[in-house]
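Undergrad: 3D, please:
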Amino acid sequence: MLWKRWTTGAELLSLWLVVVAGVLGGAIRSFYLGSLKYTTKRWEPRFWLWYTGRPVLGASVALVVYAGVRGGLLNVGIDSAKLNAYGLVFVAAVSGLYGGKVIERLGRLKGLTELEEA
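TA: Down below sits the predicted model:
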């Protein structure tokens, strides 16, 4: 079974690209803030979960943003089927880099805020 040749479609490859870019963005953010805290002598070991969980958050947020773009909910001005791979990687990496801010912005979408107010 291991020697079987696996074929993947373009959509699955796009998903993997988005996940890897989201993890990369989250890891960059984690390493940057961790090194900043460490060099300014404000490192606190109790935040280890935040630093190690950041890449997972980045991948998750990148997948949600990707689903929004592909589903047409987040309009990028072009047909979602014609998205450039480099653009996908950029959006996913930035989503991973600023995961918390992206979650806040997505929560402010008109359809979601009406549900919370009711």
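Undergrad: which residues are contacting stretch 46-66?
TA: Residues from elsewhere that reach stretch 46-66 (C-beta atoms under 8 Å, 6 or more residues apart in numbering): 14-15, 18-19, 21-27, 29-30, 33-34, 37, 74, 88, 91-93, 95-97, 99-100, 102-103, 106. In this view, the C-beta of every residue, glycine as well, is placed from N, C-alpha and C.
Undergrad: Show me what counts as buried in that stretch.
TA: Neighbour-count burial for stretch 46-66, counted by 16 or more other C-beta atoms under 10 Å, picks out 51, 54-55, 57-66.
Undergrad: quick one, helices of this protein?
TA: Assigned by DSSP state H, the chain shows helices spanning 10-39, 48-70, 85-97, 99-107, 110-117.
Undergrad: lowest-confidence stretch among these?
TA: Mean pLDDT per stretch puts helix 110-117 lowest among these, at a mean of 54.
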